[in-house]
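Enquirer: A predicted structure for the sequence below; I have some questions about it.
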Amino acid sequence: AQSVTQPDIHITVSEGASLELRCNYSYGATPYLFWYVQSPGQGLQLLLKYFSGDTLVQGIKGFEAEFKRSQSSFNLRKPSVHWSDAAEYFCAVVLLGGYNKLIFGAGTRLAVHP
Amino acid sequence: KAGVTQTPRYLIKTRGQQVTLSCSPISGHRSVSWYQQTPGQGLQFLFEYFSETQRNKGNFPGRFSGRQFSNSRSEMNVSTLELGDSALYLCASSFTGEEEKLFFGSGTQLSVL
């Protein structure tokens, strides 16, 4: 079955530390991959997306993600976390022709210590 | 330009009632998708509309329905509400709905008592 796994439900980092959020997907073909962020009481905002080409993708707010086909992974990274990055992060996939039928992971809640 | 607008922001209903939620997409966007977000099930796709036609739907019972109007505004309806329908309902819009950037609204928080 098609699925997206975010192994870490909750992560806490110190401000200024580096961050890596993990995402693995299970699909027969390479899907289109996304990372979204959700602040409390808000909708989702797209951080970055991967369709094809360069496997290292740059996004907004200093985030980047690397697609690794051999590991079926699309991990999100940030070299230096800011307190305002505290939020919930969702990895998502959609298949070609999926008409915005995103399949989301369970999410990783990020807390940032000052 | 204005973002995706969902109304109402909060809603309280009782079991057995029905509810209608509204979504106004970004101007020029013709694709509208709906998602349900709950602590237990996470984010789940409900359906997608483009030019008044439903093109895709998720695994929800027939009590969940939707429609899209000629101006791309969309509504979703839930009939015979159950306690488990309590959730944040998110609407998202895009130009064509084909693997492009989705813009999400802030959602409608539905509580079923």
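Expert: Cool, the structure landed.

Enquirer: which one is the closest residue to chain B within chain A nearest to, not counting chain neighbours?
Expert: Chain B sits closest to residue A:43 of chain A, with a gap of 3.4 Å, by CB to the nearest CB. Where C-beta positions appear, they are placed from N, C-alpha and C, glycine not excepted. In space, and not counting its chain neighbours, residue A:43 is closest to residue B:104: 3.4 Å by CB to CB, 6 or more residues apart in numbering or on different chains.

Enquirer: so which helix or strand takes in residue B:21?
Expert: Using DSSP states H and E, residue B:21 falls within strand B:19-24.

Enquirer: now the following helix or strand past that strand: how far from the chain's centre is it?
Expert: Tracing the chain past strand B:19-24, the next element assigned as helix or strand by DSSP H and E is strand B:31-38. For strand B:31-38, the separation from the chain centroid amounts to 5 Å (computed by CA atoms, centre = their mean, to the nearest Å).

Enquirer: so which bits of strand B:31-38 are buried?
Expert: Using 16 or more other CB atoms under 10 Å in any protein chain shown as the test for burial, strand B:31-38 gives B:31-37.

Enquirer: need the residues you listed in JSON lines (columns: distance to chain A and pLDDT).
Expert: Shown next, in JSON lines, are the buried residues of strand B:31-38 (distance: CB to the nearest CB, whole Å; pLDDT from 0 to 100):
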{"residue": "B:31", "distance to chain A": "6", "pLDDT": "94"}
{"residue": "B:32", "distance to chain A": "9", "pLDDT": "96"}
{"residue": "B:33", "distance to chain A": "4", "pLDDT": "95"}
{"residue": "B:34", "distance to chain A": "10", "pLDDT": "97"}
{"residue": "B:35", "distance to chain A": "8", "pLDDT": "97"}
{"residue": "B:36", "distance to chain A": "11", "pLDDT": "98"}
{"residue": "B:37", "distance to chain A": "9", "pLDDT": "96"}
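
Enquirer: for those residues, which one is nearest residue B:14?
Expert: Nearest to residue B:14 among those, counting by CB to CB, is residue B:36 at 19.1 Å.

Enquirer: that older thread, the strand holding residue B:21 vs chain A: in contact?
Expert: No: Strand B:19-24 does not reach chain A (CB under 8 Å from any CB of the partner chain); its nearest approach is 11.0 Å.

Enquirer: list the buried residues for that strand?
Expert: The neighbour-count check on strand B:19-24 (16+ other CB under 10 Å) flags B:19, B:21, B:23-24 as buried.

Enquirer: one more: stretch A:60-70?
Expert: Going by 16+ other CB under 10 Å, stretch A:60-70 has these buried residues: A:63-67.

Enquirer: now do the end-to-end distance for stretch B:100-112.
Expert: Chord length of stretch B:100-112, first to last residue, is 34 Å (CA to CA, to the nearest Å).
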